[in-house]
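K.L.:
here's my sequence, what's the structure:
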Amino acid sequence: MKRNGFTLLELLAVLAMVAIIGVASISMFGRNVQDVSEDDLANKFKQIQQAAIIYVDLNESWLSSFTTNDEIYVRLGELQSTNYVAPDLVNPKTGENFPSGYLIKIYKAKGDNNEPYVETCILAKNGANDICIANADGYAKDCCIKEPIGK
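P.N.:
As a prediction, this is how the structure comes out:
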């Protein structure tokens, strides 16, 4: 006997395989998008910190204060108002603008051989407490933990 088509069991097997492949693809794509936005956020934090270093380096009063105190704080709002950072800089994870009250801490730290180097991090004030937003690599861990020179 000759048959002209697929059985119901064959069709269900194919549909099940397509569904499994679709679910696996969607979950992998979702994780990829989340990783990309996390890296994009870290890059934005690094750009803000680099802009703060340039700002201090090009401003004599800030530079002399940094030389005297071994650390300074620059507000993100000041970097935005002087066009070192775009005023409408958006957080890629939340879609909101970064708060202009963020503080970029620039300080001299000790290296492996007690060699000084410039370290940065981004902080937010919460009353008397500083909350770590991002370290020099752009991630919210180990923020401002390097030992300052004067301490």
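
K.L.:
what segments of the chain are strands?
P.N.:
Here the chain has its strands, by DSSP state E, at 71-75, 103-110, 116-126, 129-134.

K.L.:
what's the angle between the longest one and strand 129-134?
P.N.:
On the basis of axes from the mean of the first three to the mean of the last three Cα atoms, to 10 degrees, strand 116-126 is oriented at 120 degrees to strand 129-134.

K.L.:
strand 116-126 pairs with which strands, and in what direction?
P.N.:
Its sheet considered, strand 116-126 pairs with strand 103-110 (antiparallel), strand 129-134 (antiparallel) by DSSP bridges.

K.L.:
re the thing from before, ranking the strands of the chain by burial, who's on top?
P.N.:
Most buried of these by mean neighbour count (mean count of other Cβ atoms under 10 Å) is strand 103-110; its value is a mean of 20. In this view, the C-beta of every residue, glycine as well, is placed from N, C-alpha and C.

K.L.:
which residues are contacting that one?
P.N.:
Identification of contacts with strand 103-110 by Cβ atoms under 8 Å, 6 or more residues apart in numbering yields 48-49, 52-53, 56, 66, 70-76, 79, 116-125, 130, 144, 146-150.

K.L.:
now the strands paired with strand 116-126 in JSON lines, with distance to residue 60 and mean pLDDT?
P.N.:
JSON lines is the format used below for the strands paired with strand 116-126 (distance: least, Cβ to Cβ, whole Å; pLDDT from 0 to 100):
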{"stretch": "strand 103-110", "distance to residue 60": "15", "mean pLDDT": "88"}
{"stretch": "strand 129-134", "distance to residue 60": "27", "mean pLDDT": "86"}
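
K.L.:
now do the helices in the protein.
P.N.:
Shown for the chain, the helices assigned by DSSP state H span residues 8-58, 60-69, 76-81.

K.L.:
dump these to TSV, plus mean neighbour count.
P.N.:
Formatted as TSV, the helices of the chain follow (neighbours: other Cβ atoms under 10 Å):
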stretch	mean neighbour count
helix 8-58	13
helix 60-69	12
helix 76-81	18
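
K.L.:
a markdown table for those, including mean pLDDT and distance to residue 109?
P.N.:
Formatted as a markdown table, the helices of the chain follow (pLDDT from 0 to 100; distance: least, Cβ to Cβ, whole Å):
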| stretch | mean pLDDT | distance to residue 109 |
| --- | --- | --- |
| helix 8-58 | 83 | 13 |
| helix 60-69 | 80 | 13 |
| helix 76-81 | 93 | 21 |
